[in-house]
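Engineer: I would like to see how this sequence folds:
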Amino acid sequence: MITGTILYTWIFGKLVGCDGAGNRYYRRRTAAARRRANNGREQRWVMYKGEKEASCVPPQWHEWLHHTTDDSPVEKPRQQLGWQKPHRPNPTGTGKAYYPPGHVLGGGKRAPATGDYEPWRPE
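Structural biologist: Residues are numbered from 1 along each chain as shown. Reported below is the predicted structural model:
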């Protein structure tokens, strides 16, 4: 983390909560300064644990950071529905990225053609 950001957070920040990945979420301490600093909106930010990657922010915290909701997930937790999966960061560009069969980075071996393909020929 950058020393200036840590110092700014220590002076002006108020901890709102943490997520499962260890990221910490802050808001500006004083309401008057909060409104002036961000065009009338409350100033909110995240201090990442580890790599600074925006896809590490879960959806509930993302909507709080972007002022979609005024209640943080700590103040008003959302119930997770049965069809929802736990949040995972985007693996693109990492060793855990998905490569379809036959992709050069996935081994480059494709399954042999089965012969069930007939090209269209105009009459």
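Engineer: CA atoms for contacts and neighbours, from now on please.
Structural biologist: Will do.
Engineer: output the lowest mean pLDDT helix or strand found in this protein.
Structural biologist: Lowest by mean pLDDT, DSSP states H and E among the helices and strands of the chain is helix 31-37, with a mean of 60.
Engineer: tell me the first helix or strand C-terminal of that helix.
Structural biologist: On the C-terminal side of helix 31-37, the closest following helix or strand by DSSP states H and E is strand 44-47.
Engineer: now that next one: buried residues?
Structural biologist: By 16 or more other Cα atoms under 10 Å, the buried positions in strand 44-47 come out as Arg44, Trp45, Val46, Met47.
Engineer: check stretch 5-22 too.
Structural biologist: Thr9, Gly13, Val16, Gly17, Cys18.
Engineer: nearest to His66 among those?
Structural biologist: His66 lies nearest to Val16 out of these, by Cα to Cα, at 14.6 Å.
Engineer: so what are the sheet partners of the helix or strand harbouring that closest one and their directions?
Structural biologist: Val16 belongs to strand 13-18 when assigned by DSSP H and E. Each strand paired with strand 13-18, and its direction, by DSSP bridges: strand 24-28 (antiparallel).
Engineer: please consider this matter closed, and thank you.
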